[in-house]
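Novice: Turn this into a structure:
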Amino acid sequence: MADSSCADVQQCLGKNTIVGRYKAVGDSIIIVRREDKIITCLMNENDLVSIQVDKSDSKRMVGNIYLGKVQNIVRNINAAFVEIANKQICYLPVSDKERPVFSDGGNHPIRVGDELIVQISKDATKTKAPLATVNFNLTGKYLVLVRGKNVLGISSKITDETARDRLKALLKDSVTRDYGIVVRTNAVSASDETILAELDRLREEYRKMLEFGTHRVCYTQLYAAPPSFIWEVRDGYSERLDKIKTDDEDIYNQLKSYFEASGDEEVKKLELYKNDNLSLSTLYSIESKLTKALQEKVWLDSGAYLVIQPTEALVSIDVNTGKAIAGRQDIEETFFRVNCEAAEEIGRQIRLRNLSGIIIVDFIDMKSDEHKKQLIKRIKAVLAQDRVPCHFEDMTALNLVEITRKKIRKPLYEQLAED
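Specialist: You can find the predicted model right below:
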């Protein structure tokens, strides 16, 4: 049996395969309002890449910064419980190495009654309070200013050594004793002047936080994270983004104000869609795409299909041959091709549905060690394209593949279940 290489995608999967996450065309962000929800879609041509659904009046807390008060300290779990609003309690891990910003300007271990600045790093769940940190960060499009970590970090997705050296040289003297800097992937295509301008803006926000925040009334919100639809625009890969389109005037104005305040040139890509006869949602078939993104069964071009089932502990994805083996004589080669095709689609579905945690994929059994090796290579290449940290962990003798993906936001089915 001839060896095949998944690196040769045309050979493995055919001429129309989507490699990694995208075809070779630009992206669009489409934002629409449906009743009490705001739907943000990242589109590649007419393909839906990712979707975010939020309530219009959503009181999202992640990223918000507050002046809170310590209500209780539990030493055996090294944690404090901090009130950040009227009876709103958050969970704060306590470490001797951290230096909180206290309203009294003190430098001492955390005590009950202390007023200090905290940032919400993780939303509340059914059983847990929101997670907070004293090492707050201020996030821009190109940089993140991180308090308490006086290091310069470069995004691992910037792999070009020349680009990494250029960014290190540009920012190495900007790290201080109080804060460090993380260089985001978008910085690789930005000019030095644009990056430094954003750094100045983040520094000014940080200075005001320390100078004025500690003198505010306790429980004051010192910083409000932007709405989710702005996050999607800010955190996307700008060099691939062609346009940002919405038919909602309020959303348009919020985006325009954000871009102008931050000096972001993406404002040139912003468009207010107006057509009384055809809504933006209908134009891009968003309703049908949203419904399809929740279906358990996903058909592949070969006639095979996936079955995607989220559970409490993990996400199960089963690869089935379906109609793909009809009339085939080279069964082992067919299994290999179907698995390669499935790997591509699984990467797309993970991002589209925002699946996270432990993901177990049951690929079709293959006997060839070379085929298994090439499939693993393909899986790793697909996962490397995800902007959320996503890792191949292992493949068992039964062709069960374990994938882990960092949970940053709720999966799509949970976003809609809240409604």
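
Novice: Low-confidence stretches in the stretch 251-400 of the chain?
Specialist: Residue ranges of the stretch 251-400 of the chain with pLDDT under 70: 326-329.

Novice: Run through the strands of it in chain order.
Specialist: Per DSSP state E, counting those that start in this stretch, the stretch 251-400 of the chain carries strands over the ranges 270-272, 297-299, 305-310, 315-320, 357-362, 390-395, 400-405.

Novice: Mean neighbour count added to these, as CSV?
Specialist: Bear in mind the C-beta positions are built from the backbone N, C-alpha and C, glycine included. Output for the strands of the stretch 251-400 of the chain, formatted as CSV (neighbours: other Cβ atoms under 10 Å):
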stretch, mean neighbour count
strand 270-272, 15
strand 297-299, 15
strand 305-310, 18
strand 315-320, 20
strand 357-362, 18
strand 390-395, 15
strand 400-405, 18
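
Novice: closest one to residue 198 among these?
Specialist: strand 270-272 (18.6 Å; Cβ to Cβ).

Novice: And the helices in the stretch 251-400 of the chain?
Specialist: For the stretch 251-400 of the chain, applying DSSP state H, counting those that start in this stretch gives helices covering 280-283, 286-292, 331-353, 369-383.

Novice: Relative to residue 259, which of those helices is closest?
Specialist: Here helix 280-283 is closest among the helices of the stretch 251-400 of the chain (Cβ to Cβ), at 19.5 Å.

Novice: Identify each buried residue in the closest one, please.
Specialist: 280-281 (16 or more other Cβ atoms under 10 Å).

Novice: ok, residues contacting it?
Specialist: 30, 32, 34, 39, 245-247, 273, 275, 286-287 (Cβ atoms under 8 Å, 6 or more residues apart in numbering).

Novice: how far out from the middle of the chain is that helix?
Specialist: Helix 280-283 sits 25 Å away from the centroid of its parent chain (Cα atoms, centre = their mean, to the nearest Å).

Novice: Only C-alpha atoms, please: export it in CSV.
Specialist: The C-alpha trace of helix 280-283 is given here as CSV (Å, rounded to 0.1, in the frame of the first residue of the first chain):
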residue,chain,number,x,y,z
LEU,A,280,-28.2,41.7,7.0
SER,A,281,-29.1,38.5,8.8
THR,A,282,-31.0,37.2,5.8
LEU,A,283,-28.3,38.3,3.4
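
Novice: still on that earlier bit, redo the strands of the stretch 251-400 of the chain as TSV? Include distance to residue 116.
Specialist: Below are the strands of the stretch 251-400 of the chain laid out as TSV (distance: least, Cβ to Cβ, whole Å):
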stretch	distance to residue 116
strand 270-272	38
strand 297-299	47
strand 305-310	37
strand 315-320	38
strand 357-362	31
strand 390-395	34
strand 400-405	33
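
Novice: what sits against residue 243?
Specialist: So residue 243 contacts 26, 28-29, 269-271 (Cβ under 8 Å, 6+ apart).

Novice: Taking the residues you listed, tell me the two that lie furthest apart.
Specialist: Of all pairs in the contacts of residue 243, the most separated under Cβ to Cβ is 26 and 270 at 14.8 Å.

Novice: The strands of the stretch 251-400 of the chain: which one's closest to residue 55?
Specialist: That would be strand 305-310 among the strands of the stretch 251-400 of the chain, by Cβ to Cβ, at 21.1 Å.

Novice: So in that sheet, which strands flank that closest one, and in what orientation?
Specialist: strand 297-299 (antiparallel), strand 315-320 (antiparallel) (DSSP bridges).

Novice: Kindly reformat those strands as TSV and extend each row with distance to residue 141.
Specialist: Output for these, formatted as TSV (distance: least, Cβ to Cβ, whole Å):
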stretch	distance to residue 141
strand 297-299	33
strand 315-320	31
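
Novice: Of these, which is nearest residue 182?
Specialist: Per Cβ to Cβ, nearest to residue 182 of the strands paired with strand 305-310: strand 315-320, 28.6 Å.

Novice: what does the closest one rub up against?
Specialist: Contacts of strand 315-320 (Cβ under 8 Å, 6+ apart): 304-310, 338-339, 342, 346, 349, 355, 357-364.
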